[in-house]
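Undergrad: Next come a sequence and a model predicted from it.
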Amino acid sequence: MSGKTKPSRQELYEDLHGRIVRGDVRPGELMNETKVGDAYGLSRTPVREVFWRLADEGLLRIVPQVGTFVAPINIPAVFDAQFLRETLECRAITEAARLAGKQDVADLRTLLTQQTAAIASDDFAGFFVLDEQMHRRLMEIAAHPFVWPVIASAKAQLDRVRFLSLEDRSWPAMIMAQHRRIVSCVSAHDADGAAEVMRAHLRTAFAAIDRIAAKHPPFFEGDIPPHAQTLPA
């Protein structure tokens, strides 16, 4: 972190949390208390406290007498987060399709334009932020603005998969096409169509797990829940 001001514990937590979720540091990489403290201008005590907090959230793994490592992505947690998103967002998108006005549709189309520009410039981190903004905007259109923070707080493991998936250049284009179909359905007030596209859109995480695991098996831990193995893509 640049600048002379030392970060607070919360700022350190947010920065390390973001780096892990974005894949800036990969599963299995060593996180050294001393080196992190030196990099942020902090003593080992606040760094240790943040490490324990991230470990409690399943993002770090502390091995006594060995070290602290970025934890693998927990597959059951990914499926639980996706279940939460699908349950809430597919319900909400039907209401968004019913309630959307001209300005709402204009806002969504502006986000599509910005997302297209982000992909064209290979700004995948920016694309991810705009993706989040679109899903939050859909919740607002559905008149459920306070639901999005609930979803956001529960999807760190899922977001790790989503960020890694963007490293495949074909993946953002596929997500973009789904976004266009979602906005098209909402603008046409096609509630059933919007829910169908949203469900398929959210389930792309499953395919991403298979593809990433084929290249990097150690990135994941845990098994696909038995009840989820028969879910359609």
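TA: Sure thing, it's come through. These numbers come from a predicted model, not from an experiment.
Undergrad: Which residue lies nearest the spatial centre of this structure?
TA: When C-alpha atoms, centre = their mean is applied to the chain, the residue found nearest the centroid is residue 159 (2.3 Å).
Undergrad: That one and residue 21 touch, don't they?
TA: Yes. When contacts are counted by C-beta atoms under 8 Å, residue 159 is listed as touching residue 21 (5.0 Å). In this view, the C-beta of every residue, glycine as well, is placed from N, C-alpha and C.
Undergrad: What is the helix or strand bottoming out on mean pLDDT in the chain packed up against?
TA: Least confident helix or strand of the chain, by mean pLDDT, DSSP states H and E, is helix 204-215 with a mean of 88. Secondary-structure packing of helix 204-215 (3 or more C-beta pairs under 8 Å, 6 or more residues apart in numbering; DSSP states H and E): helix 75-99, helix 156-165, helix 170-187, strand 220-221.
Undergrad: For residue 127, which of these is the nearest?
TA: Minimum separation from residue 127 across the helices and strands packed on helix 204-215 (C-beta to C-beta) falls at helix 170-187, 5.9 Å.
Undergrad: counting contacts, what elements does that closest one pack onto?
TA: helix 75-99, helix 102-120, helix 124-141, helix 191-202, helix 204-215.
Undergrad: circling back: which of the helices and strands packed on helix 204-215 sits closest to residue 105?
TA: Judged by C-beta to C-beta, the one of those that comes nearest to residue 105 is helix 170-187, at 4.5 Å.
Undergrad: relative to helix 75-99, how tilted is the closest one?
TA: 30 degrees (axes from the mean of the first three to the mean of the last three C-alpha atoms, to 10 degrees).
Undergrad: on that earlier part again, what sits against the residue nearest to the centre of the chain?
TA: residue 21 (C-beta atoms under 8 Å, 6 or more residues apart in numbering).
Undergrad: Give me the distance between it and residue 166.
TA: Taking C-beta to C-beta, to the nearest Å as the measure, residue 159 and residue 166 are separated by 11 Å.
Undergrad: One more: residue 136?
TA: From residue 136 to residue 166 the distance is 19 Å (C-beta to C-beta).
Undergrad: same question, residue 155
TA: 15 Å.
Undergrad: For residue 55, which non-adjacent residue is closest in space?
TA: The shortest distance from residue 55 to any non-neighbouring residue, by C-beta to C-beta, 6 or more residues apart in numbering, is to residue 62 (5.1 Å).
Undergrad: helices or strands up against the one helix or strand the one you found maps to?
TA: According to DSSP states H and E, residue 62 maps onto strand 60-63. Counting contacts by 3+ C-beta pairs under 8 Å, 6+ apart, strand 60-63 packs against helix 44-56, strand 67-70.
Undergrad: hang on, the earlier thing: list the buried residues of the least confident helix or strand of the chain.
TA: Residues of helix 204-215 classed as buried by neighbour count (16 or more other C-beta atoms under 10 Å): 204, 205, 206, 208, 209, 212.
Undergrad: circling back to that earlier point, between the helices and strands packed on helix 170-187, which one is nearest to residue 67?
TA: Using C-beta to C-beta, the helices and strands packed on helix 170-187 put helix 75-99 closest to residue 67, at 22.8 Å.
Undergrad: centre of the chain versus the closest one, how much separation?
TA: 13 Å (C-alpha atoms, centre = their mean, to the nearest Å).
Undergrad: So what's the residue count around residue 91?
TA: Residue 91: 15 surrounding residues under other C-beta atoms under 10 Å.
Undergrad: Tell me who's in contact with it.
TA: Residue 91 touches residue 195, counting by C-beta under 8 Å, 6+ apart.
Undergrad: pLDDT score for it?
TA: For residue 91, the pLDDT comes out at 97.
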